[in-house]
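**Student:** model this:
(chains A, B, C and D)
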Protein chains: 2
Amino acid sequence: MAGKRTGASTGTQAGLSRERVLRSAVAIADERGLAALTMRSLAESLGVEAMSLYHHVANKEAVLDGLVEVVMAEIEEAVAGLDAPEPEDDWRTAMRRRVLAARDVLLRHPWAPSVFETRTGTSLAVARYFDGVLALMRRGGFSYDLGHRALHALGSRALGFSQELFTPDGAGSPAASEAAVAAMAEQVPHLAAMIADASHDGAVLGWCDYQAEFEFGLDLILDGLERLRAAS
Amino acid sequence: MAGKRTGASTGTQAGLSRERVLRSAVAIADERGLAALTMRSLAESLGVEAMSLYHHVANKEAVLDGLVEVVMAEIEEAVAGLDAPEPEDDWRTAMRRRVLAARDVLLRHPWAPSVFETRTGTSLAVARYFDGVLALMRRGGFSYDLGHRALHALGSRALGFSQELFTPDGAGSPAASEAAVAAMAEQVPHLAAMIADASHDGAVLGWCDYQAEFEFGLDLILDGLERLRAAS
DNA sequence: TCGGGGCGGCTTACGCTGTACGGTACGGAC
DNA sequence: GTCCGTACCGTACAGCGTAAGCCGCCCCGA
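**Tutor:** Presented below is the predicted three-dimensional model:
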């Protein structure tokens, strides 16, 4: 009974590979959330036992590193297929396009930010991306010093996400946070008033457009950087 | 033997309380890192069995929520003891002081950002803090709309931390990331050049002053907001 | 044609996690 | 004196990551 291998001739058995493992890991995280990604669930999705994975990845940390790699590859691809102005002509627009392209990718993988956050070690894929950002700024007329400061000022925003302290994304219902704030209106009068103000003068839509807010913050920073660049 | 209770008359036994539990949790995270904070280690530090904790906190999530509460209380205290200008006179300086005071607290608890990140649900303590930030901006002449956008633009920076993609803090040695970049210099020529440039013209110190970079980014955003406020 | 690695999978097992359940000692109310 | 709520302990369980060992298949060299 032992070692029956599925099916008749079996061929290359399950035919695992690092790539197939990582692809499956991304699929699980996309569909069922990062918490559902365990070595066992990952193995099961590949029709294999958990320990078999260790022939292709060192450990779970390596799987998470691989996730970052996959996402960064998607981003690099998106950035490559971009028609943005030459940085020498308009670095600001080129950068904006780049960041928003990265954001598009990240929005397809809501778990990505939290994985990036836990990977403190310098990843080659991430470093290469930032190298590209820095290259863009250099061509746009930045000194290394200002470029360095710009990278810090942008932080994760350069990759397309920012730290939202409330309802990062589809955690609750769209207007769940609005309801939460309403529930503690007495404790947070200004927030409550802000929501009330937004409700009766703006559109009806969930009072908070994260994409628009992201772009606002991004432009604020890019404008500030441009002023410093022009003055230098 | 069973149930010997420590000591003679025992009195109120171990004398746990939600407060004592949370205080101990903060101490463990401070001293041994967030990963070392388990229900068992927490119980042991209080001279108690793991399950006893559940009489004072619902579960581990509740402990983490409590951690946020404790840190926010520290921040509120630090902010309260601040001598900053009245926002009506100079909102920008008042805000700057406030954020840097919060940052001081967070630097004492390096684990705090990662806990904040995982607490997506709207926490009262955090909401109250942002309410205070918004109040400050209102007194400084912000519309609710601009205040709202400002909160988003600041994001976690309002609380004193920003998302660093490389070596958030004491992960490796001070210059570890520099060495890492050097190791892949061919793949990231611009980053390598930037480091080389910084090394020979700036001071010798680890080439990257996170506090200074944080303040740079903060000022960039505050300046941008001031321009928008003045123009509105 | 045959023999033998070694690769790739399975099985088992260990220590760790959070936590459900059921006891048990104590203090205070009646 | 009885009773009950509070606070704590002991045990147990499922699920986690992963170390160690076994076994069958494929490919390569003879």
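
**Student:** Look at A:Gly147 and report its pLDDT.
**Tutor:** Looking at A:Gly147, its pLDDT is 95.

**Student:** my read: it touches A:Leu136, true?
**Tutor:** No - taking Cβ atoms under 8 Å as the definition, A:Gly147 is not a contact partner of A:Leu136, at 9.3 Å. C-betas here are computed from N, CA, C, even on glycine.

**Student:** out of these two, which sits in the busier spot?
**Tutor:** Each of A:Gly147 and A:Leu136 has its neighbours counted (other Cβ atoms under 10 Å in any protein chain shown); A:Gly147 has more, 23 against 20.

**Student:** Quick check: the gap between the residue nearest the centre of chain A and chain B.
**Tutor:** The centroid of chain A falls nearest to A:Leu106 when counting by Cα atoms, centre = their mean (3.6 Å). According to Cβ to the nearest Cβ, to the nearest Å, A:Leu106 stands 13 Å off from chain B.

**Student:** Could I get the average pLDDT for the helix or strand hosting that residue?
**Tutor:** Assessed by DSSP states H and E, A:Leu106 sits inside helix A:87-108. For helix A:87-108, mean pLDDT rounds to 97.

**Student:** Would you map the helices across chain A?
**Tutor:** Secondary structure of chain A by DSSP state H: the helices cover A:18-32, A:39-45, A:60-80, A:87-108, A:112-118, A:124-139, A:144-154, A:176-183, A:189-201, A:210-231.

**Student:** which strands and helices sit next to the second one?
**Tutor:** So that's helix A:39-45. In terms of contacts (3 or more Cβ pairs under 8 Å, 6 or more residues apart in numbering or on different chains; DSSP states H and E), helix A:39-45 is packed against helix A:18-32, helix A:60-80.

**Student:** show me where pLDDT drops low in chain A?
**Tutor:** A:1-14, A:167-176, A:200-207 (pLDDT under 70).

**Student:** can you rerun that using 50?
**Tutor:** A:1-13, A:170-172, A:204 (pLDDT under 50).

**Student:** Show me it divided up by domain.
**Tutor:** A:14-57, A:72-163+A:202-231 (automatic domain parsing).

**Student:** Can you tell me which of those is nearest to DNA strand D?
**Tutor:** Closest of those to DNA strand D is domain A:14-57, at 3.4 Å (criterion: Cβ to the nearest atom of the strand).

**Student:** is that closest one anywhere near DNA strand C?
**Tutor:** Yes - counting by Cβ under 7 Å from any atom of the strand, DNA strand C is contacted by domain A:14-57 at A:14-16, A:43, A:47-52, A:55-56.

**Student:** Next up, the contacts around the closest residue in space to A:Leu22 that isn't next to it in sequence.
**Tutor:** Nearest non-adjacent residue to A:Leu22, counting by Cβ to Cβ, 6 or more residues apart in numbering or on different chains: A:Gly66, 4.2 Å away. A:Gly66 is in contact with A:18, A:21-22, A:25, A:57, counting by Cβ atoms under 8 Å, 6 or more residues apart in numbering or on different chains.

**Student:** So which of those residues wins on neighbours?
**Tutor:** A:Ala25 leads the contacts of A:Gly66 on contacts (other Cβ under 10 Å) with 25 neighbours.

**Student:** Distance check, it against B:Ala94.
**Tutor:** Distance of A:Ala25 to B:Ala94, given as Cβ to Cβ, to the nearest Å: 47 Å.

**Student:** How about A:Glu88, nearest residue that isn't a chain neighbour?
**Tutor:** A:Arg139 (5.6 Å).

**Student:** need the contact list for that neighbour.
**Tutor:** A:86-88, A:91.

**Student:** mind redoing it with 7 Å?
**Tutor:** A:87-88, A:91 (Cβ atoms under 7 Å, 6 or more residues apart in numbering or on different chains).

**Student:** Could you do A:Val57 as well?
**Tutor:** Per Cβ under 7 Å, 6+ apart, neighbours of A:Val57: A:18, A:21, A:63, A:66.

**Student:** 8 Å - rerun?
**Tutor:** A:18, A:21-22, A:63, A:66.

**Student:** hmm, back to that, let me have the contacts of A:Arg139 in JSON lines, adding distance to DNA strand D as columns.
**Tutor:** Listed next are those as JSON lines, based on distance: Cβ to the nearest atom of the strand, whole Å:
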{"residue": "A:Pro87", "distance to DNA strand D": "42"}
{"residue": "A:Glu88", "distance to DNA strand D": "47"}
{"residue": "A:Trp91", "distance to DNA strand D": "42"}
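
**Student:** Give me the ChimeraX select line for those, limited to the buried ones.
**Tutor:** In ChimeraX, this line selects whichever of the contacts of A:Arg139 come out buried by 16 or more other Cβ atoms under 10 Å in any protein chain shown:
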select /A:87,91
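
**Student:** nearest to B:Ala78, of the contacts of A:Arg139?
**Tutor:** A:Trp91 (38.9 Å; Cβ to Cβ).

**Student:** Leaving out chain neighbours, which residue sits closest to that closest one?
**Tutor:** Looking at A:Trp91 with Cβ to Cβ, 6+ apart, the closest residue is A:Gly140, at 2.5 Å.

**Student:** what's the neighbour count on that neighbour?
**Tutor:** 20.

**Student:** quick one, phi psi at it?
**Tutor:** With angles defined as degrees, to the nearest 10, A:Gly140 sits at phi -80, psi 0.

**Student:** wait, doesn't it sit right on A:Pro87?
**Tutor:** Yes - if you go by Cβ under 8 Å, A:Gly140 and A:Pro87 touch, sitting 4.3 Å apart.

**Student:** list residues touching both of those two?
**Tutor:** With Cβ under 8 Å, 6+ apart as the test, A:Gly140 and A:Pro87 both reach A:94-95.

**Student:** Including distance to B:Ser177, could the domains of chain A go into a markdown table?
**Tutor:** Listed next are the domains of chain A as a markdown table, based on distance: least, Cβ to Cβ, whole Å:
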| stretch | distance to B:Ser177 |
| --- | --- |
| domain A:14-57 | 24 |
| domain A:72-163+A:202-231 | 5 |
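
**Student:** sorry, back to before: now the residues of domain A:14-57 next to DNA strand C: which count as buried?
**Tutor:** Members of the residues of domain A:14-57 next to DNA strand C classed as buried by 16+ other Cβ under 10 Å are A:14, A:16, A:43, A:48, A:52, A:56.

**Student:** With adjacent residues omitted, what lies nearest to the third one?
**Tutor:** Setting aside the residues directly before and after it, A:Ala43 is nearest to A:Ala50 in space (Cβ to Cβ, 6+ apart), at 4.3 Å.

**Student:** What of the last one?
**Tutor:** Leaving out its chain neighbours, the residue that sits closest to A:His56 by Cβ to Cβ, 6+ apart is A:Arg18, at 4.6 Å.

**Student:** which residues touch A:Arg128?
**Tutor:** A:72, A:76, B:187-188.
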